[in-house]
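Student: Would you be able to build a 3D model of this:
(chains A and B)
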Amino acid sequence: MNPEVITLPESVRRILDQAQESIPQGLLPISVFNDPDLHKVEMERIFGHNWVFIGHESEIPHRGDYVLRYIGEDAFIFIRDEKGQIRVMWDSCRHRGSQICRAESGNASHFRCPYHGWTYKNTGELVGMPAYKEAYGGWDRSQIRLHEPAQVDSLYGLVFACLDPLTPPLDEFLGGAKWYMDFYHGLGEMEVVGEPHRWSVDANWKLGCENFAGDEHHTLFLHRSMWEVGAIQVPRDRMSDGYHVQIGNGHTIDMGMGPDPDESGIEYMDYPKEITEKFKTGHLSKDQLALARQSVIHVGIVAPNFAQLHLPLTSDAENIPPIPVKTLRVFQPKGPNEMEVWSWCVVWKGVSEEFKELSHRVLMSTFSPSGIFEQDDVVPWLSITKAAGSGFARLKQPLLNYQMGMEGVGVSKPVPDWAGPGTAYSPRFEEGNQRSFWSKWLRDMLVEPSKVSTP
Amino acid sequence: MITRDLRDDLTSALFHEAELLDDGKVKEWFEGLLTKEIDYRIPVRITRERLSGRGFSEHAWLMKENWHSLRQRVMRLDSEYAWAEDPASRIRHFVTNIRLEEGEGSDRVTVKSNVLLFWSRLDSTDFKLVSGERHDEWVREDDTWKLDARTVYLDHTTLVTPNLAIFI
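Tutor: Numbering: from 1, shown residues only, chains lettered A, B, ... in the order given. Coordinates of the predicted model:
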């Protein structure tokens, strides 16, 4: 075992030792879903080290627009400053640490700390405090600015931040995921519709991540009622058609594939022609384009906790044919046994108001706290978290099963000559996507993050 | 004119509605108490600076339903696979501070009320409380008061329940 791990609390060491042995066999210690000490280590080693999703540029279109966002459990101001530059700044005054931004969103040229009135420009520079001459005369305050993450970068308007200066740049961190994002997110410009949904779930954050890594098998059973009311019309017995891709670095893609678009005439999740006509495909290779056209469902995660989902659904099966809905997700940790789910509705910029309104409404009816899909997802997540924190779990250290798709378990096989990055498996009934999420999590948990401080 | 009789009628209607929802008679609520034009909304609420108002979004909702989409929700609760509400949540609507305002004509009235919703599940001793104000439009159809529109203004920004498979 890595010598650095020796410094970890006993319970954490035990869980990680067990995970190192079991994950390669497709087994996972249940305790990973509810252990207070493990959670503290995650805050440093997962959230102190990885690139974390902050928000989409379209949420702050004007200079001074800001929203409050989180890396792990820490609040950051996500703002477009007076020069138009997008910034991420730790929401804590440089004087005594008080919160300086107390609204969730707004427009501000300055932030004022309520405690002693230290005032910052929206670029982060300290520009004043009351009775400056009497209290601080002669002191050069111009060097003081709000703390920022070591790195901030974006792709297709998706802004990520990373606290660790030694983590590779975003491009490298995403690696092969970019190839898929080129058509997942790059067929046009994306635009966030309305404010995100936020809701609190008494469940561990990783349960959301591993589900969105690609899990069709639960759809058949947990979400069976969706076919009964017609909310989803991708045939239930075709749910395994398509690919799971383990891209590397814990990132996964899951594509449900429909019939050949050239024969069926159905392409791009059945977006209306007036939308698909405007899709930008010049940057796509032949293989990317073929996947984009034939996909009927896109799911996937950028590890550690950013996810996406894109598929056609309806809120009124009798009167409205399914239309594509798209959501961006963050499963934000709030302690070992609670998460906050963040869900953004996105559409392609330039779609009609009518389409935007309907897609937003259908997403809310299906994937949101009130959504008839998502109402059910939390049911197992709540009870897994409870079981994971139980005395039985601590005493017996039970292992959970993630073996679908391993040698001798099921029929999914690697796709030979796969054109994209990573290893693709087909059909989709396999749990390699989950195993790749957990392998990356374990790798991170075994390494002390750099604690290089920011100025 | 808001008469004592009218106030009594609408108070009874609100209490009857709460009884149906608390007793799990969602279908009876949907079929008997809503107009075909029902507009049912719960706007997302966010923390804003005081000068920017109370923070109710004009662009995002936890629910924004018409009769058809409510029907899909109610139908799906009938499924054997509606795990979120099987076993059913134990809920209780406490409806108070009922205020009536005249609507257009004698058969339409605006009713504001406060609601506190108790929510508990399975054998857990935990429970959640959801608090808010409802702005309703009720209309008289064939001598029965029916709900034509409702907006629920929650006192929460981040929703405190893990899902919203019930009606407020």
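
Student: quick one: contacts of the longest helix seen in chain B?
Tutor: Looking across chain B with DSSP state H, the single longest helix is helix B:4-22. Residues outside helix B:4-22 that contact it (Cβ atoms under 8 Å, 6 or more residues apart in numbering or on different chains): B:26, B:28-29, B:32-33, B:91-93, B:95, B:98, B:100, B:109, B:111, B:113, B:138, B:145, B:147, B:166-167. For every residue, glycine as well, the C-beta is placed using N, CA and C.

Student: Wait, residue A:110 touches residue A:122, no?
Tutor: Yes: with contact defined as Cβ atoms under 8 Å, residue A:110 counts as touching residue A:122 (6.6 Å).

Student: quick one: which of the two has more around it?
Tutor: Neighbour tally, residue A:110 and residue A:122, criterion other Cβ atoms under 10 Å in any protein chain shown: the higher count belongs to residue A:122, 24 against 14.

Student: what about the longest helix of chain B, distance to the chain center?
Tutor: Distance, stretch centre to chain centre, for helix B:4-22: 13 Å (Cα atoms, centre = their mean, to the nearest Å).

Student: Next secondary structure after it?
Tutor: Using DSSP states H and E, the helix or strand that follows helix B:4-22 in sequence is helix B:26-33.

Student: what are the bridge partners for the residue nearest in space to the middle of chain A, then?
Tutor: The structure's chain A has its C-alpha centroid closest to residue A:306; by Cα atoms, centre = their mean the separation is 0.9 Å. For residue A:306, the beta-bridge assignment (DSSP bridges) gives partners residue A:302, residue A:330.

Student: Just the buried ones from the contacts of helix B:4-22?
Tutor: Among the contacts of helix B:4-22, the ones that count as buried by 16 or more other Cβ atoms under 10 Å in any protein chain shown are B:26, B:29, B:33, B:91, B:93, B:95, B:98, B:100, B:109, B:111, B:113, B:138, B:145, B:147, B:166-167.

Student: Return the subset of those residues lying in strands.
Tutor: Under the assignment DSSP state E, the buried ones among the contacts of helix B:4-22 contribute B:91, B:93, B:95, B:98, B:100, B:109, B:111, B:113, B:138, B:145, B:147 to strands.

Student: if I pick the residue of the stretch 51-200 of chain A found nearest chain B, what's in contact with it?
Tutor: Going by Cβ to the nearest Cβ, chain B is nearest to residue A:194 of the stretch 51-200 of chain A, at 3.2 Å. Residues in contact with residue A:194 (Cβ under 8 Å, 6+ apart) are A:345, A:360, B:44, B:57, B:59-61.

Student: One more pass at 6 Å, please.
Tutor: With contact taken as Cβ atoms under 6 Å, 6 or more residues apart in numbering or on different chains, residue A:194 is in contact with B:59-60.

Student: Of all the residues in stretch A:154-168, which ones are buried?
Tutor: Those would be A:155-164, A:167, for stretch A:154-168 by 16+ other Cβ under 10 Å.

Student: quick check, nearest of those to residue A:329?
Tutor: residue A:158 (11.9 Å; Cβ to Cβ).

Student: Beta-bridge partners for the closest one, please?
Tutor: Beta-bridge partners for residue A:158, by DSSP bridges, are residue A:56, residue A:155.

Student: Next, name the residue at the spatial heart of chain B.
Tutor: Among the residues of chain B, the one closest to the centroid is residue B:168, at 3.4 Å (Cα atoms, centre = their mean).

Student: From residue B:96, how far off is residue B:116?
Tutor: 8 Å (Cβ to Cβ, to the nearest Å).

Student: same deal with residue A:412?
Tutor: Distance from residue A:412 to residue B:96, counting by Cβ to Cβ: 57 Å.

Student: swap in residue A:388?
Tutor: Residue A:388 is 40 Å from residue B:96, by Cβ to Cβ.

Student: Which of those two has more residues huddled nearby?
Tutor: Set residue A:388 next to residue B:96 and count neighbours by other Cβ under 10 Å: residue A:388 wins out with 24 against 9.

Student: Please look at that one and residue A:29 and confirm they touch.
Tutor: No: the criterion here is Cβ atoms under 6 Å, and residue A:388 misses it with residue A:29 at 8.8 Å.

Student: For the nearest residue to residue A:60 once chain neighbours are set aside, report the pLDDT, please.
Tutor: Computed as Cβ to Cβ, 6 or more residues apart in numbering or on different chains, the closest residue to residue A:60 that is not its neighbour in sequence is residue A:80, at 4.5 Å. For residue A:80, the model assigns a pLDDT of 98.

Student: on that earlier part again, could the buried residues of stretch A:154-168 go into CSV alongside pLDDT?
Tutor: Compiled in CSV, these are given as follows (pLDDT from 0 to 100):
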residue, pLDDT
A:155, 98
A:156, 97
A:157, 98
A:158, 98
A:159, 98
A:160, 98
A:161, 98
A:162, 98
A:163, 96
A:164, 94
A:167, 95
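
Student: hang on, the earlier thing: what angle separates the longest helix of chain B from helix B:26-33?
Tutor: Relative orientation of helix B:4-22 and helix B:26-33, computed by axes from the mean of the first three to the mean of the last three Cα atoms, to 10 degrees: 150 degrees.

Student: Now helix B:4-22: buried residues?
Tutor: Buried residues in helix B:4-22, counted by 16+ other Cβ under 10 Å: B:6, B:9-10, B:13-14, B:17-18, B:20-22.

Student: Get me the contact residues on chain A for chain B.
Tutor: A:103-106, A:194-195, A:198-201, A:224-225, A:228-229, A:315-316, A:319, A:361, A:365, A:369-370, A:372, A:375-376, A:378-379 (Cβ under 6 Å from any Cβ of the partner chain).

Student: From residue A:96, how far off is the residue lying farthest from the centre of chain A?
Tutor: What lies farthest from the middle of chain A is residue A:134; by Cα atoms, centre = their mean that is 48.2 Å. Distance of residue A:134 to residue A:96, computed by Cβ to Cβ: 19 Å.

Student: mind pulling up the phi and psi values for residue A:14?
Tutor: Per-residue torsions, residue A:14: phi -60, psi -40 (degrees, to the nearest 10).

Student: which SS state does the residue of chain B found nearest chain A fall under?
Tutor: For chain B, the residue closest to chain A is residue B:60, as judged by Cβ to the nearest Cβ, at 3.2 Å. At residue B:60 the chain is in strand, as set by DSSP: H, G, I helix; E, B strand; the rest coil.

Student: what's the burial count for it?
Tutor: Neighbour count of residue B:60, defined by other Cβ under 10 Å: 22.

Student: The residue nearest to the centre of chain B touches residue B:153, doesn't it?
Tutor: No: using Cβ under 6 Å, residue B:168 is not in contact with residue B:153, being 10.2 Å away.

Student: And the pLDDT at the residue in chain B sticking out farthest from the centre?
Tutor: Centroid-distance maximum for chain B: residue B:51 at 28.5 Å, with Cα atoms, centre = their mean. What the model reports as pLDDT for residue B:51 is 91.

Student: what stretches of chain A score poorly on pLDDT?
Tutor: Counting by pLDDT under 70, the ranges of chain A that qualify are A:1-6, A:449-455.

Student: just to revisit the earlier point, now, which of the contacts of helix B:4-22 lie close to chain A?
Tutor: Filtered for proximity to chain A (Cβ under 6 Å from any Cβ), the contacts of helix B:4-22 leave an empty set.

Student: Tell me who's in contact with residue A:66.
Tutor: The contact partners of residue A:66, by Cβ under 6 Å, 6+ apart, come to A:77, A:79.

Student: again, only this time at 8 Å
Tutor: By Cβ under 8 Å, 6+ apart, the contact set of residue A:66 is A:60, A:77-80, A:101, A:105-108, A:122.

Student: likewise residue A:314?
Tutor: Taking Cβ under 8 Å, 6+ apart as the criterion, residue A:314 is in contact with A:230-231, A:233, A:320-323, A:362.

Student: Show me those residues that map onto helices.
Tutor: Here DSSP H is the test, and the contacts of residue A:314 give residue A:362 as lying in helices.

Student: Buried ones only from the contacts of residue A:314, please, as a PyMOL command.
Tutor: Buried members of the contacts of residue A:314, defined by 16+ other Cβ under 10 Å, are picked up in PyMOL with:
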select buried, chain A and resi 230+231+233+320+322+323+362
